[in-house]
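Novice: This is the structure alone, sequence omitted:
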């Protein structure tokens with residue numbers, strides 16, 4: 001596979017079929033009905049998609065390598081692929097411009113594509129379809145378990161959207177972990193059993209990482225050369241870039257890791273980026289792994305008695321429940337969702353989110369693993385970096401940009417509702433029922449970060465106190481009018497009201513001093 005490859009099939013005008021970088025599935029709807037004697041598949045590595053945020057180097061390399069391998073997979077089946085590489089001199093560096101260029105270079109009778117995953121690109125492709133010289137068919141992305149229409153029907157008329165109730169409907173519809181009409185084990189959710197702190201002497205197992213093949217090495221070299229100023233390192237790249245590589249990671253997880261996943265899924269440990277997590281979100285989001293199939297395989301492990309129910313239910317809930325719910329919320333609420341800032345957050349993101357230069361041991365570790373691996377697990381994202389950004393009052397646009405930049409599995413449909421909904425409560429309760437604000441006590445309970453940290457997790461005030469403690473009560477006081485009716489915050493608000501006016505004023509001052517110390521200053 002070279003640079004731009006253009007072929008005249010000589011068999012009449014066929015269909016130009018667009019495949020995007022996160023649509024690398026054999027069963028993609030855009031490829032249904034493909035006639036290898038007439039049709040051409042268009043795939044393009046373009047700067048528009050690589051730089052609308054300055055994505056982590058590993059993310060760009062992952063997508064380019066996976067795209068190149070998928071194109072070769074198609075060509076091995078006799079499919080003609082018009083593949084535009086990032087360094088092709090003729091590359092227009094825009095998906096829509098590459099569609100126009102392909103139509104100019106060769107006659108086609110139609111264009112077929114699968115709906116894309118982000119509002120920004122969907123708008124551009126819709127504008128292309130309106131002016132295209134041939135009919136454009138946009139097909140449903142059936143790789144998701146819940147369609148847009150199905151989610152809208154579920155959400156219709158509801159005053160609040162809660163993942164738990166959506167998840168139960170998905171369980172009933174798919175039959176996953178069901179015993180007739182009842183949930184397996186008599187409970188829908190075993191999250192209460194999945195909050196163990198990592199006990200002394202217990203360490204995570206060794207994980208299967210994927211050694212870059214020749215295609216991946218080429219993509220890594222291209223990214224190092226063309227995107228030198230993007231965040232992150234490429235040295236420890238270990239992500240699957242083919243369906244076969246992804247299958248090996250899935251099989252290893254199901255056999256060796258899943259049995260203990262439930263117990264330790266919320267635990268954190270310094271220098272342990274993977275813990276017992278699946279490491280398959282990148283592969284699912286690229287299209288290399290089918291989400292429903294992997295859920296069924298996890299259920300089969302439970303049915304065979306090789307993993308406990310709390311582990312398997314927790315894993316399935318992340319995919320069948322949370323992933324599908326987040327996607328549904330995104331498409332239900334965009335574009336207005338992108339403007340939500342319920343807490344009127346107005347501060348800059350501190351520089352240490354990029355540099356890792358902070359004495360907060362938990363934050364330094366999470367930023368380091370994000371830089372080195374383009375990855376951090378969900379509790380590190382939510383309760384360390386997300387929680388801190390919310391307590392600091394960082395503007396949600398800046399938080400969105402950071403999460404989209406640093407993680408290899410981040411696409412706007414999954415990142416934004418997690419960031420504005422769960423991490424910062426910027427959506428005012430559409431996704432989560434309360435802000436996930438926590439003091440240092442939570443991090444101390446769920447990790448080993450606090451022991452060697454310079455800051456005192458027991459101290460509440462002063463420069464030597466844990467910043468999470470210094471910020472927590474000031475956050476509640478600052479947002480008291482916005483959050484006072486939230487029933488899930490009733491207890492801390494009652495405590496706040498007992499403090500008295502002088503103490504509450506002091507809490508605000510303490511939090512403001514901490515915000516300034518950490519660099520969360522007002523946006524100019």
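Specialist: Yep, it's here. What you see is a predicted model, and the numbers here were worked out from it, not measured in a lab.
Novice: Pull the contacting residues for the residue positioned nearest the centre of the chain.
Specialist: Central residue of the chain (C-alpha atoms, centre = their mean): residue 410, 3.8 Å from the mean position. Applying C-beta atoms under 8 Å, 6 or more residues apart in numbering to residue 410 gives the contacts 59, 403, 404. For glycine as for every other residue, the C-beta is placed from the backbone atoms N, C-alpha and C.
Novice: Equivalent analysis for residue 237, please.
Specialist: Residues in contact with residue 237, defined by C-beta under 8 Å, 6+ apart, are 58, 61, 62, 212, 216, 220.
Novice: Counting by contacts, list what the worst-scoring helix or strand of the chain on mean pLDDT packs against.
Specialist: Ranking every helix and strand in the chain by mean pLDDT, DSSP states H and E puts helix 490-498 at the bottom, with a mean of 91. Applying 3 or more C-beta pairs under 8 Å, 6 or more residues apart in numbering; DSSP states H and E, one finds that helix 490-498 makes contact with helix 467-478, helix 480-483.
Novice: Try it again at 7 Å.
Specialist: If you count contacts as 3 or more C-beta pairs under 7 Å, 6 or more residues apart in numbering; DSSP states H and E, helix 490-498 packs onto helix 467-478.
Novice: how about low-confidence regions in this structure?
Specialist: For the chain, the stretches flagged by pLDDT under 70 are 1-12.
Novice: which stretches of it form strands?
Specialist: Along the chain, the stretches classed as strands by DSSP state E are 14-18, 40-44, 80-84, 108-114, 136-139, 178-179, 182-183.
Novice: Walk me through which strands the third one pairs with, and which way each runs.
Specialist: Right, the one you point to is strand 80-84. Strand pairing for strand 80-84, determined by DSSP bridges: strand 40-44 (parallel).
Novice: Give me the contacts around the partner strand.
Specialist: 7, 14, 16-19, 67, 71, 74, 79-84, 95, 98-99, 102 (C-beta atoms under 7 Å, 6 or more residues apart in numbering).
Novice: Just the buried ones from those, in PyMOL syntax?
Specialist: In PyMOL, the members of the contacts of strand 40-44 classed as buried (16 or more other C-beta atoms under 10 Å) are selected with the following command:
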select buried, resi 14+16+17+18+19+67+71+74+79+80+81+82+83+84+95+98+99+102
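Novice: in stretch 419-439, what counts as buried?
Specialist: Here stretch 419-439 shows 419-432, 435-439 as buried, counting by 16+ other C-beta under 10 Å.
Novice: For residue 328, which non-adjacent residue is spatially closest?
Specialist: Computed as C-beta to C-beta, 6 or more residues apart in numbering, the closest residue to residue 328 that is not its neighbour in sequence is residue 151, at 3.4 Å.
Novice: any idea how far the longest helix anywhere in the chain is from the chain center?
Specialist: Criterion DSSP state H: the longest helix present in the chain is helix 57-76. Its chain's average C-alpha position is 19 Å from that of helix 57-76, according to C-alpha atoms, centre = their mean, to the nearest Å.
Novice: again with stretch 66-83
Specialist: Stretch 66-83 sits 27 Å away from the centroid of its parent chain (C-alpha atoms, centre = their mean).
Novice: now stretch 265-273
Specialist: Relative to its chain's centre, stretch 265-273 lies at 18 Å (C-alpha atoms, centre = their mean).
Novice: go on, stretch 245-255?
Specialist: A distance of 20 Å separates the centroid of the chain from that of stretch 245-255, by C-alpha atoms, centre = their mean.
Novice: residues contacting residue 376?
Specialist: By C-beta under 7 Å, 6+ apart, the contact set of residue 376 is 273, 366, 369, 370.
Novice: Tell me the one of those nearest residue 468?
Specialist: residue 366 (13.2 Å; C-beta to C-beta).
Novice: So that closest one versus residue 392, what's the distance?
Specialist: Distance, residue 366 to residue 392, by C-beta to C-beta, to the nearest Å: 15 Å.
Novice: Which residue of these two possesses the greater neighbour count?
Specialist: Using other C-beta atoms under 10 Å, the more surrounded residue of residue 366 and residue 392 is residue 366, with 27 against 24.
Novice: can you pull the contacts of that one?
Specialist: Residues in contact with residue 366 (C-beta under 7 Å, 6+ apart) are 376, 380, 384, 385.
Novice: Among these, name the ones in helices.
Specialist: Per DSSP H, the subset of these in helices is empty.
Novice: and these as a markdown table, adding distance to residue 185?
Specialist: Formatted as a markdown table, the contacts of residue 366 follow (distance: C-beta to C-beta, whole Å):
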| residue | distance to residue 185 |
| --- | --- |
| 376 | 31 |
| 380 | 29 |
| 384 | 31 |
| 385 | 34 |
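Novice: what residues does stretch 245-261 touch?
Specialist: The contact list for stretch 245-261 (C-beta under 7 Å, 6+ apart) reads 205, 208, 210, 240, 276, 278-280, 283, 288-289, 294, 297-298, 301, 306-308, 311-312, 314-315.
Novice: how does it look with 8 Å?
Specialist: Residues from elsewhere that reach stretch 245-261, judged by C-beta under 8 Å, 6+ apart: 205, 207-208, 210, 213, 240, 276-280, 283, 288-289, 294, 297-298, 301, 306-308, 311-312, 314-315.
Novice: rewinding a little: of all the contacts of residue 410, which comes closest to residue 178?
Specialist: Using C-beta to C-beta, residue 403 comes nearest to residue 178 of the contacts of residue 410, at 34.0 Å.
Novice: The closest one - how many residues pack around it?
Specialist: Neighbour tally, residue 403, other C-beta under 10 Å: 23.
Novice: what does residue 297 give?
Specialist: With other C-beta under 10 Å as criterion, residue 297 counts 15.
Novice: Quick check: closest non-adjacent residue to it.
Specialist: Using C-beta to C-beta, 6+ apart, the closest residue to residue 297 is residue 254 (5.9 Å).
Novice: what's the distance between that neighbour and residue 196?
Specialist: Note on residue 254: its distance to residue 196, by C-beta to C-beta, is 21 Å.
Novice: now do residue 148
Specialist: Taking C-beta to C-beta, one finds residue 148 at 37 Å from residue 196.
Novice: again, but for residue 288
Specialist: Between residue 288 and residue 196 the distance is 31 Å, computed by C-beta to C-beta.
Novice: out of the two, which sits in the busier spot?
Specialist: Using other C-beta under 10 Å as the criterion, residue 288 and residue 196 rank with residue 288 on top: 27 against 15.
Novice: roughly how far apart are that one and residue 210?
Specialist: 11 Å.
Novice: show me the contacts for the residue nearest to residue 371 when sequence neighbours are not counted.
Specialist: Leaving aside its chain neighbours, residue 371 sits nearest to residue 232 (5.3 Å; criterion: C-beta to C-beta, 6+ apart). By C-beta under 8 Å, 6+ apart, the contact set of residue 232 is 56, 57, 58, 59, 370, 371, 372, 374, 406.
Novice: which stretch among the strands of the chain comes nearest residue 490?
Specialist: strand 182-183 (29.1 Å).
Novice: Who does that closest one pair with, and is each partner parallel or antiparallel?
Specialist: For strand 182-183, the paired strands and their directions (DSSP bridges) are strand 178-179 (antiparallel).
Novice: residues in contact with the strand it pairs with?
Specialist: By C-beta under 8 Å, 6+ apart, the residues outside strand 178-179 that reach it are 171, 172, 184, 185.
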